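A.B. asks: Have a look at this fold, sequence not included:
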């Protein structure tokens, strides 16, 4: 089976540690992730509100490239990219006429049959079964698994039974030896839409998340989305100013958590790239 | 008429063909379709195939098409107008590439349509048909023309019979005045030539039975297990009759569209269960055995009794086309 | 030259589409005259042979319409019909019979507007496709050709 | 020889305004087989009908085509007129010149031509019509009512009081349904049980009602007037004749911690139990799943204490076959379990409850004897949040429809709470307030104005526990247009009303149609709201759609009156438009080859086998045979039959073909 | 195939059956069906790759039924037909002995129709690639060209009904083409009559055809009518899942699923 990999822009920019840690754990597990050639923007911009065909063509091209490279699965770590790709696949499989139109635009064969995996699906399918052998230093801390919005929605596409109270990240963290806390903010909005334009709103929304996680005893927040991460980590000054206190809870990618539990060095996991210092050695 | 012999060079055949086409004739000639050769409306000489023992379909379609319009009608409340198809003009047809057996078949076929009733449409068509036959240089295990008073070089029924000679040119035997007329109209293509080595060019077809003996035997074989035995595998289709160059049974059908319509004469086959089905539900020929018996008796007893010739020309088409490999020779030789 | 007026025959079930077309009338919604309805008890009754017959008799287009899934007066006639049309349509398509000339629809007794819309859009489609001359050539063989 | 009469109606000006009716009549007169053709202003009027009758008699007509309105309108009228003139009514057909022609087209040549085409088509059809005779079916004057809630109770009482036998089947140990669980009812706040229990007793005592509780429909065959129902009587493990309902067993039963269904899990019951004190019949059943004896093989305490020796551990389910003439479905509804909404925390937090649970808390017969106490610690909640539309009007996760009763009962809940906890604060998150009904809007106003219930227009996004409080996060879309957070002590979810889990299976057993939410479908949304598409089966109550009590009771009486109408005659007359398998002369007998694909396609199981034997009694052939009592005439079998051996009267193959040919071939 | 001969002879010997339907030598290199009613006739039984005629067709023929209880030599395509005939109530287990032959030409016994079904689960109908390619090519033609292609192909059809006669599933007492009340199909073999006949034949086999190609093999004019039924087999698979006969599964067209998908109904 050939597993393709679509990084998207975030993983090559603001969330390089996500990229590094994902590739590191994949390598550790003996899985080859093949980056697709000549990939383009997923369209998680204003495009999907402005130009329907463009917003479908952009992801469709990426899917078509992956197909042409004979990939069976395509891993899309960025939740926003994943959402665009999966939405496109869904819409084009429902609307055959539209698929025809888009296929003609792409000017390459497009079956729309590749299996798209977000990072959690990828981990569940390929990494989790091997974790028993690979976990070298269990992370024995309380963590808050934060899913955000894009990994679990929309419901009719993701077909998740529990999209208001997802559990997949919690299960993985448990396997790493951590104790995922029960908390109500798993899918609350972090304010990603205002990440650039209205940081004070981000401060408020993300602040409530950080406060609740801290209040319930979590020693780290685990995420699987570059937007969530940048809001909870990079926007800490805005958060602190909203909460009127300094919050020092670190925010890590689930891939980083796995990397650390596998015994990889913090540098291999890209820990040094965070704004909020990460120190996970504190035991429960 | 005394047969006259000529020689026609191979390239002249094509010229003859083109002249006929140019003269407005419709030409039916063998054309390849997959492994088969079929008499088809041919416009280009190169479409004709020479690679056939006999065609899969028979030449009767030019005089007795599978669907013949007899008349059309138009009803209104007061009256019904009828347009008789016999009054229409029929095409001048040249049959090119008939085998001697095909040509011979026109004799019993014409007899059938000229019994108590002279069929105008058939005769109109028949008059306009010109037969250019080609002798057989090959035969197969299905052929038995020599057993039914014909043969690979037999001339009866044809207007002209071509026999391919060793050098590649053709011996042309002109049999009828119609044939003579064609030669005179195309005299540049025909060279005078005495009959030579025709027999050597012909296929050898062994005699398989004696028709007269068969006819005599059949007088007393109406009740006999042979019919059921030999027809057991029969699937009840009509392919034997439809490929037969002599079979002439037909069914009259009206096709109505509102108050307009046509009356048609369509091929029918004694192999079908429906063929003799009475309105009462009774069927005098209830089984395939009875139907097979009818087929054999008709061809080898009833027709010869009436017309002195058999209703079969030994072309072997029926056996070749039978999906269940029912072979007419098997039956005839086992009587 | 006068504009081509398509001949369109509609096979509809008594309980939904026939009643829906009645509602179109009661609501005085206008549509093209080209479509004429034949009433069936149920779409389940509509034999594919009748569709075939329609083309043979010179129809340029056909509408087949009945109750929405789950609404069948006889509970499942339309489900059976749907399967039949899936297979029939596939076969016609394979044979090169233009499936755009047959419009299938579900029109309920409450959908008078929808019926008018189905009629008008079908008439437009068939107008664009033009007379079904390919089929007519085949069907009108005896009329036009001299004997073979 | 056909002698067809054609009668073209002007329908006042409805037809003649756009169709040249005289020309239609004239063109029809030119058709072969048409012996008489005319047009008239109102064909359906008395003189119009007389004209038809006279023409039939004077011209010896053997077929009639009336070109007028839709046959769905006047087919019975004209068929009756023909019958009165001595012509078989099924020799009359109608061409729909009004709904399908004059009303939908402008006046033009094409419109008139279309009318001519339609008439010609029906003339060609009627030429092939055959005289048919209505099928007479005797009526079994016993009704089966399925479901013993208020709908079933009302329907049963009405039918029984009209003098007909009723069998009332209830799946639970007692009748009463949801209504028996309710506290007070809106908008009058009268006690639900107080008004219901007398009706329940009346059912038990009515001489014409046979009550079968703890029983379910297993199978339904047959058709209107003559159904055969098979009822599964679940084993109650007691001899009902011997049991005197003393209740000793239920007090002595050692297994006491079973969540009570009646109290929606807020109270407990024993393994041998009567669901509630006012139950009818007031005799216990043993819940085998939870009984120590059935599960572990020992106990039998009930048997020991029973003074009449009525306990029967070896009792088994019993199947009873009943002949009934009509069926009323009154199986009611269910409420959607809100576990699909983890954001509300139902199931996670004890104090998040459903509306029905609140009913039990507020009910004087409930686990708290009518005091509003929260399930977690029994404290009286100071602040309570009601969430309306918790599942309703939510296409994403719930149901897209409005559950109809929630607005009213939520207002009632808040009101009851305010009446019982005077200093308490209540909030209702809502989308819209739907209070259409007699005195309903006034009731809601009272809650807002007099009882000071806080209505917040907005949805709740999350409920979570913090410091012993339930934090309800929501939004107020009206006043502040901002997120709101309420620290509540209790949250009540107005969860959606949904179809019973068994509704789909039941519908399939009975061959009635149902909608995509598994509510049973009425035959016509406006004019046949209590009929189903299956003749003889009627609907009452919330099994058709969510309904409140007055609506349910009215519909139940409506269904009952339909049954009574049906039972008012000894015989039913049915249209003979049914399928028949052909017969042909020997030795074929029928062209049917017995593949029985028709039988598997028939929605009514109306096709069986027939063995054709010769004179010696030897079976020659097995062919299909249509049961005329079951066949409803859909004709699905006809379109299936490859050899065209089955045909349907009135829509025969010949008729339909003739119509196609006539429609497409004109001059 | 001495084992087959032995077995057939034993069946006749023991009077377990009255006739053995099998393959024998035919004209030239052809094979033909033989109906052995005597032990000695069994010696003529053969089986090799030329034996492609679908013998199941004889199970429903009046003339053959008269011979008594049959045993039938049944390679895989015949087994499929037998199973479909069983589904359609045309044959019963007790009235038939099956001399099954695997695709490796080994004899195999079947105690019941259910056993045939089990066996066939490992011998699924597969449409050969050469056919799927041809079908795809035809479907890729513009609609008018496709129509012209078929009109041309069907031109040589003279309605001998060999396709019907050879098909094990065309067992009707009276074919609809022979029904004239109403006249469903033109009897004449003109273009319309031919087209209608082949559409009807294919539709009547929709969901029933077991892809034995007997129709094509029987056609004296070599018309590729099997492409129609093969195309429909694909349609069955595409729309309703798997194809092939099954005792507990309903026929494709006499059953339905409420959520059957289509894309063309408005």
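C.D. replies: That came in fine, so what should we check first? Everything quoted here is computed from the prediction, not taken from an experiment.

A.B. asks: And the helices in the stretch 151-284 of chain A?
C.D. replies: A:155-158, A:168-175, A:199-215, A:226-229, A:236-243, A:254-261 (DSSP state H, counting those that start in this stretch).

A.B. asks: Single out the most deeply packed of the ones you listed.
C.D. replies: Highest mean neighbour count of the helices of the stretch 151-284 of chain A: helix A:254-261, a mean of 28 (counted as mean count of other Cβ atoms under 10 Å in any protein chain shown). C-beta: built from backbone N, CA, C; applies to glycine.

A.B. asks: That one packs against which elements?
C.D. replies: helix A:16-28, helix A:119-122, helix A:168-175, strand A:220-223 (3 or more Cβ pairs under 8 Å, 6 or more residues apart in numbering or on different chains; DSSP states H and E).

A.B. asks: Now do the same for it: mean pLDDT, whole number.
C.D. replies: For helix A:254-261, mean pLDDT is 94.

A.B. asks: Next, the angle from it to helix A:168-175.
C.D. replies: 0 degrees (axes from the mean of the first three to the mean of the last three Cα atoms, to 10 degrees).

A.B. asks: Dihedrals phi and psi, the closest residue to residue B:84 other than its chain neighbours?
C.D. replies: Spatial nearest neighbour of residue B:84, chain neighbours left out: residue B:71 (4.8 Å); criterion: Cβ to Cβ, 6 or more residues apart in numbering or on different chains. Note on residue B:71: its backbone torsions stand at phi -160, psi 160 [degrees, to the nearest 10].

A.B. asks: Over to the one 3 residues further on?
C.D. replies: Phi and psi for residue B:74, reported as degrees, to the nearest 10, are phi -140, psi 110.

A.B. asks: how many other residues sit next to the residue of the stretch 101-250 of chain A found nearest chain C?
C.D. replies: Using Cβ to the nearest Cβ, the closest approach of the stretch 101-250 of chain A to chain C is made by residue A:101 at 18.2 Å. When neighbours are defined as other Cβ atoms under 10 Å in any protein chain shown, residue A:101 has 14 of them.

A.B. asks: And for residue D:439?
C.D. replies: There are 11 residues near residue D:439, going by other Cβ under 10 Å.

A.B. asks: That one and residue D:187 touch, don't they?
C.D. replies: Yes: if you go by Cβ atoms under 8 Å, residue D:439 and residue D:187 touch, sitting 4.5 Å apart.

A.B. asks: just so I know, which of the helices and strands packed on helix A:254-261 lies nearest residue A:8?
C.D. replies: Closest approach to residue A:8 among the helices and strands packed on helix A:254-261 is made by helix A:16-28 (9.5 Å; Cβ to Cβ).

A.B. asks: tell me the domain ranges of chain D?
C.D. replies: As assigned by automatic domain parsing, chain D contains the domains D:4-134, D:142-234+D:317-332+D:500-571, D:248-305, D:335-498, D:579-648.

A.B. asks: With distance to chain E as extra columns, can I get those domains in JSON lines?
C.D. replies: Shown next, in JSON lines, are these (distance: least, Cβ to the nearest Cβ, whole Å):
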{"stretch": "domain D:4-134", "distance to chain E": "9"}
{"stretch": "domain D:142-234+D:317-332+D:500-571", "distance to chain E": "10"}
{"stretch": "domain D:248-305", "distance to chain E": "32"}
{"stretch": "domain D:335-498", "distance to chain E": "18"}
{"stretch": "domain D:579-648", "distance to chain E": "4"}
